[in-house]
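Peer 1: sequence first, predicted coordinates after that:
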Amino acid sequence: MRIDLTWLAIALTVAVATTDDVGAQRYSQGWFVAGANGVATVTPAGVVTTTNLGPQAIISATMAPDNRTVLAFDASLGAVVQIDPVQHALVGTIFGSPAFFSPFHMSDLTVDGDGALVFANRVDHTIERVLEAGSTSTLRMAAGIGEPFYTPRNIHYDVDTADLLVSDGQTTLNTPLFRLEPDGSAFTTVATGFEFRFGIARDPNTGAIYSGSCCNGTTGRSIEVLDLGQSTPRVWHTSTALAGGYSIAVERASAANPRLLVAAWDGGTSEGLWSIDVTSGVPQKLGTLGIGDAYRVVPIGSRTLRWRPLEANRWAIDVQVTDPALAGRPYVLALGVSGTRPGVPLADGRRIPLTVDAITFSSVANRLGGLLSGAVGVLAGGQATATLDLTPIGGRALTFRVWAQALVLDPAAPLGIALITDPAVNELTLR
């Protein structure tokens, strides 16, 4: 089966698909929510399971690089812990201790393009990267009181650019959003005027940046959005039925209609996990949580692609699909150097968020001269690994950004595409 030609056929002939495929949806297998008084898992059927894992105040969480566990900062322990979101079990401590972190030093964490943990430290006024030995490297430190990054609140690895998006929560209102280079060497101001609370979410389809807002029960600002190309956010959603939109995430997950996930903290009927269709703006409650302030919501199994550095000038790209129904399915992976938009629109409303360029065609047609291997194959237990080996062109000082995208194929699925992974970008440096 010549599955290596599938991507080429999609890119060139998407208009011929039949209307029978319209409306294809594939969302996450569930959602993990971290809160002040415990954690919760919500299934697509609305079944909520809550657990208190001990003295606990988890104020930040993200999918771990393995795409099966969650990394979370527990302020009561002063440490980053690893949690099995399905079993609600502590796997272990990844980094930190009460002696290292005072409570609430770390305000947010994310995973960068190399799979390293990066966190915002609002007490020490720094953005820091955790090294393999367990020590940290400071990417950025505020120059003084009132200077950028003095009180960083949110941090988000941006698949659009490979940069870090950082909000600086020195004030409740008019909070700025910065874009920080992956190595911390430079930053730019993206926007001012946000009312950030917990979480930054980028929609890869439109480039819009969403945020839950602080204290919106009094200000009426439930969710804000920064449209692509703008420097000031606008109020996107207000609802008395959805008060207190603390945490927020975008869930695209191979669906025609992206949606926002919002965990509301209000103790009334709005408390719980909600989804909001990005197109219609209509909210739907997924379940009541009962874990106090809900600080972070994480779509389970959402890190379907990851870059992993090997030795100099070599990187692994892992395809890691947790849906058991897709184990054993063929996949095709492509690379590009032109970003995620406009991407490839499909006739069923879905979109492949990778801009097709010469590198894309060469990667899927096996024409990169042996630089890329494993781009086509079968998911063994939902897992596969491609390798990008740039050793033949190394030996020069060169830094550039590469986006990866994969399709999981199934002849019974709409257009033969069962899953479109979210894109993964990394900044590569040749040595």
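Peer 2: Looks like it arrived, so ask away.
Peer 1: what sits against residue 292?
Peer 2: The neighbours of residue 292, taking C-beta atoms under 8 Å, 6 or more residues apart in numbering as the test, are 35-38, 265. Quick note: C-beta positions are derived from backbone N, CA and C, even for glycine.
Peer 1: try it again at 7 Å.
Peer 2: Neighbour list for residue 292: 35-37 [criterion: C-beta atoms under 7 Å, 6 or more residues apart in numbering].
Peer 1: residue 291 too?
Peer 2: Shown in contact with residue 291 (C-beta under 7 Å, 6+ apart): 33, 35, 37-40, 50.
Peer 1: need the pLDDT of the nearest residue to it once chain neighbours are set aside.
Peer 2: Counting by C-beta to C-beta, 6 or more residues apart in numbering, residue 291 lies nearest to residue 35, which is 3.3 Å off, once chain neighbours are set aside. You'll see residue 35 listed with a pLDDT of 83.
Peer 1: for the stretch 151-300 of the chain, just list every one of the strands.
Peer 2: With DSSP state E, counting those that start in this stretch, the ranges of strands along the stretch 151-300 of the chain come out as 152-157, 164-168, 175-180, 187-194, 196-202, 209-213, 223-226, 234-237, 245-251, 259-264, 272-277, 283-287, 294-299.
Peer 1: what's in contact with the fifth one?
Peer 2: In other words, strand 196-202. 153-154, 156, 158-160, 165, 167, 169, 175, 209-214, 246-250, 260, 295-296.
Peer 1: turn the contacts of residue 291 into CSV, including distance to residue 120 and secondary structure.
Peer 2: Shown next, in CSV, are those (distance: C-beta to C-beta, whole Å; DSSP: H, G, I helix; E, B strand; the rest coil):
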residue, distance to residue 120, secondary structure
33, 20, strand
35, 19, strand
37, 23, coil
38, 23, strand
39, 21, strand
40, 24, strand
50, 27, strand
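Peer 1: residue 137: which of those is nearest?
Peer 2: Ranked by distance to residue 137 (C-beta to C-beta), these are led by residue 39 at 29.4 Å.
Peer 1: adding distance to residue 373, write the contacts of residue 292 out as JSON lines.
Peer 2: JSON lines is the format used below for the contacts of residue 292 (distance: C-beta to C-beta, whole Å):
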{"residue": "35", "distance to residue 373": "43"}
{"residue": "36", "distance to residue 373": "47"}
{"residue": "37", "distance to residue 373": "48"}
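Peer 1: quick check on those: which are buried?
Peer 2: Among the contacts of residue 292, those buried by neighbour count (16 or more other C-beta atoms under 10 Å) are 35-36.
Peer 1: got a list of what the nearest residue to residue 121 once chain neighbours are set aside touches?
Peer 2: What sits nearest to residue 121 in space, not counting adjacent residues and going by C-beta to C-beta, 6+ apart, is residue 105, at 5.5 Å. By C-beta under 7 Å, 6+ apart, the contact set of residue 105 is 121, 123-124.
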